[in-house]
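Novice: after the sequence you'll find the predicted model.
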Amino acid sequence: MGPPGAGKGTQGELLARKLGIPRYSTGDILRQALRDGTPMGVEAKRFMHAGELVPDGVILGIIGEALQHDDSGGGFLLDGFPRTVAQAEGLQVLLADQGLALDAIVNLVVDDAEIGKRLSTRGRKDDTVDTIRRRLEVYRADTRPVLEWYGNHDTRVLSVKGVGDIEEIQAHILERLGL
Ligand code: AMP
């Protein structure tokens, strides 16, 4: 977890590769659906381009599907999900159905000034000034409370500084995970 531009995708990819486990990124899955022009992609597009969250039902559908087809024996990494308390609650049900539980949340900590700098130079289609502002607002209002929620639901939240050398940040993540 972490604010937009914190490096979730970059660190998530490195970690999944290192551990040899699949990474399920709701952002990547949605962007692929958008490119493919599927009904889900068409529905998600207006939310993504406005910096809003795609409705919880759509997101839980994506993750439910991914977990249903997951044959990694429970070793997987979720990237950019959950982003609302309702999604966290939905995930709890999906995991319980399969006798699974989360080992930990990795929370990438990056301050607002650095986030602003990164997003304004990243150049992704949904990175316009208005969209960036809205995504940060939505992060604060809807996603940050998820960290506290996990703190109250017996899941370790490991906060790791997300600034500096990419490999060093990865090393810190592995260390905090005890790997
Ligand atoms: P990301 O690549 O993770 O920054 O996601 C890009 C966009 O996809 C977000 O700004 C949201 O519009 C949407 N999105 C991705 N993951 C989620 C999620 N878990 N819940 C709601 N919307 C999401």
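Specialist: In hand now; what should we look at? Residues are numbered from 1 along each chain as shown.
Novice: what sits against residue 43?
Specialist: Taking CB atoms under 8 Å, 6 or more residues apart in numbering as the criterion, residue 43 is in contact with 54, 58. C-beta: built from backbone N, CA, C; applies to glycine.
Novice: over to the one 10 residues further on?
Specialist: Contact partners of residue 53, counting by CB under 8 Å, 6+ apart, are 47, 59, 83-84, 138, 142.
Novice: give me that answer again for 6 Å
Specialist: Contacts for residue 53 were tallied using CB atoms under 6 Å, 6 or more residues apart in numbering; they are 83, 138.
Novice: next up, the contacts around the residue in the chain that the ligand sits nearest to.
Specialist: Closest contact between the chain and the ligand, by CB to the nearest ligand atom, is at residue 27 (2.3 Å). Listed by CB under 6 Å, 6+ apart, the contact set of residue 27 reads residue 80.
Novice: quick check: mean pLDDT across the strand or helix carrying it?
Specialist: Here residue 27 sits within helix 26-36, counting by DSSP states H and E. The average pLDDT within helix 26-36 is 97.
Novice: give me the distance from it to the chain's centre.
Specialist: Distance of helix 26-36 from the chain centroid (CA atoms, centre = their mean, to the nearest Å) equals 14 Å.
Novice: now do the contacts for the residue most central in space within the chain.
Specialist: Note on the chain: the residue nearest the mean C-alpha position is residue 80, at 1.0 Å, using CA atoms, centre = their mean. Residues counted as contacts of residue 80 (CB under 6 Å, 6+ apart) are 8, 25-27.
Novice: buried ones in the helix holding residue 27, by neighbour count?
Specialist: 26-27, 29-31, 33-34 (16 or more other CB atoms under 10 Å).
Novice: residue 115 - nearest residue in space that isn't next to it in sequence?
Specialist: Distance criterion CB to CB, 6 or more residues apart in numbering; nearest residue to residue 115, sequence neighbours excluded, is residue 5 at 4.7 Å.
Novice: ends of stretch 3-14, what's the gap?
Specialist: Start and end residues of stretch 3-14 are separated by 18 Å (CA to CA, to the nearest Å).
Novice: for it, which outside residues touch it?
Specialist: By CB under 6 Å, 6+ apart, the residues outside stretch 3-14 that reach it are 2, 23, 77, 79-80, 108, 110, 115, 118-119, 135, 139, 162, 170.
Novice: stretch 127-139 too?
Specialist: For stretch 127-139, contacts defined as CB under 6 Å, 6+ apart pick out 3-4, 51, 53, 119.
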